[in-house]
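Enquirer: Got a sequence here, can you build the structure:
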Amino acid sequence: MKKLMWLIRREYWENKAMLLWPNASIAALLVILYASVKGRPSYQFEGQVVEPAVMTAAQISFVIKGLSDAFYIPLSLLGILLPILVGVYCLGSLFNERDDRSALFWKSMPVSGTSTVLSKVLFALLFFPLATLVFSLIAGVPIFLSFAISLQNSGIQANVFSAAFHDSDMLLAPLKMISLLPIYMLWALPTVGWLMMVSAWAKARPILWAVCLPIMTVLLIFILSKNLDLGLNIRWLNFNIIGRGLMSLVPASWIAYEKIDNPKLDYAQTFTAWTGDLYGPSLEMLGKSELWVGAIVGIAMLAVAMFLRQKKDVS
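Expert: Numbers count the residues shown, from 1 in each chain. Sure, this is the predicted structure:
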């Protein structure tokens, strides 16, 4: 365990710029943007614009609950950045150490290849999402204050801060965000496993192999299915080979995946993930085979990555 912790520290030392600066920059820009917005807030109820000063008690309660969105706004944007950062890290995790020949040094150390790969997996699946959550919460505080102060100064007939901190949605928003982290880690395993397997195997340009192989595989199956009249479900292949293989790093992409089984579901809010509306459906994924089968496949690919890293010659 102590060796694993040191290996994770090594990953942090080598990748802290990628881990911290992109998230910090976007969070800071969001805070500056929302702090600079001026004007009196107005809200629409049943097709009519209502000024805060003349809101009813029910309307005020609805608006106060909406203040919890201050934490989801930075999370939704940083969540777009998250799969990019994790994808770049995973693709370079085993390829770069072989390319710069540092793998020779680490293989000479009394550290197993399993521990080395495991430290990289934990860094990708735990530290990057945690950084996204932390910076979202940090940015959410001044954005909330900006919203609340603007609303309080608009003449609303309520103490905005007192009402907000007595609202359960407001208080539970950070906890809901953090509690979905294990689901994200399990759901993202197939993509992390695939990218790290390619990183351990590819001799050059791992990103091309990682992206092109799934797409070409589905395209080849599609052509064979059409020519041989096999009647294969190409949409299922797209979701499970391309979607699960490449897009599982996107937060709440498990909600979109459900469309395979139920095309009538409304997915207009798929990309505003981690909100209270998606919290229940996200927890339901823990009882579905899609999550666990994908996780097992991801672990299998990580096992292959460990084997390749141990056997691959450093050229």
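
Enquirer: Name the SS class of Val37, please.
Expert: Secondary structure state of Val37, per DSSP: H, G, I helix; E, B strand; the rest coil, is coil.

Enquirer: Isn't it up against Ile143?
Expert: No. Val37 lies out of contact with Ile143 (CB atoms under 8 Å); the separation is 10.0 Å. In short, each C-beta sits where N, CA and C put it, glycine included.

Enquirer: Those two: which has the busier surroundings?
Expert: Using other CB atoms under 10 Å, the more surrounded residue of Val37 and Ile143 is Ile143, with 23 against 10.

Enquirer: Name the nearest residue to the more buried one, sequence neighbours excluded.
Expert: Distances taken as CB to CB, 6 or more residues apart in numbering place Ala70 nearest to Ile143, at 4.3 Å, with adjacent residues excluded.

Enquirer: OK, contacts around that neighbour?
Expert: Contacts for Ala70 (CB atoms under 8 Å, 6 or more residues apart in numbering) come out as 140, 143-144, 146-147.

Enquirer: which of the residues you listed lies closest to Phe307?
Expert: Comparing these against Phe307 with CB to CB places Gly140 closest, at 42.6 Å.

Enquirer: In a helix, the closest one, correct?
Expert: Yes. Assessed with three-state DSSP, Gly140 lies in a helix.

Enquirer: isn't it right next to Phe71, touching?
Expert: Yes. Gly140 is in contact with Phe71 according to CB under 8 Å; the separation is 3.5 Å.

Enquirer: Common neighbours of those two, please.
Expert: With CB under 8 Å, 6+ apart as the test, Gly140 and Phe71 both reach Pro174.

Enquirer: In this structure, which residue is most central in space?
Expert: Closest residue to the average C-alpha location of the chain: Pro251 at 3.4 Å, with CA atoms, centre = their mean.

Enquirer: In three-state terms, label the nearest residue to that one once chain neighbours are set aside for me.
Expert: Spatially, and ignoring its direct neighbours in sequence, Pro251 is nearest to Gly79 (4.2 Å; CB to CB, 6+ apart). Of the three states, Gly79 takes helix under three-state DSSP.

Enquirer: Report the separation between Gly79 and Leu171.
Expert: Between Gly79 and Leu171 the distance is 22 Å, computed by CB to CB, to the nearest Å.

Enquirer: higher neighbour count, these two?
Expert: Gly79 (23 against 12).

Enquirer: I'd like to know how far that one sits from Phe135.
Expert: Applying CB to CB, the value for Gly79 to Phe135 is 11 Å.

Enquirer: and what of Trp292?
Expert: Using CB to CB, Trp292 is found at 30 Å from Phe135.

Enquirer: So between the two, which is more surrounded?
Expert: Counted by other CB under 10 Å, Trp292 and Phe135 do not tie: Phe135 has more neighbours, with 23 against 14.

Enquirer: For that one, list the residues it contacts.
Expert: With CB under 8 Å, 6+ apart, Phe135 has these contacts: 23-24, 26-27, 74, 78.

Enquirer: Now that we have those residues, which of them are buried?
Expert: Buried members of those, scored by 16 or more other CB atoms under 10 Å, are 23, 26-27, 74, 78.

Enquirer: hmm, back to that, where's the residue nearest to Ile143 relative to Leu81, distance?
Expert: From Ala70 over to Leu81 the distance is 19 Å, taken as CB to CB.

Enquirer: if we can go back for a sec, tell me if the residue nearest to the centre of the chain really is in a strand.
Expert: No. Counting by three-state DSSP, one finds Pro251 to be coil, located in no strand.

Enquirer: Surely it touches Trp187?
Expert: No. Judged on CB under 8 Å, Pro251 makes no contact with Trp187 at a distance of 9.1 Å.

Enquirer: what about the strands in the stretch 201-315 of the chain?
Expert: Under the criterion DSSP state E, counting those that start in this stretch, the stretch 201-315 of the chain contains no strands.
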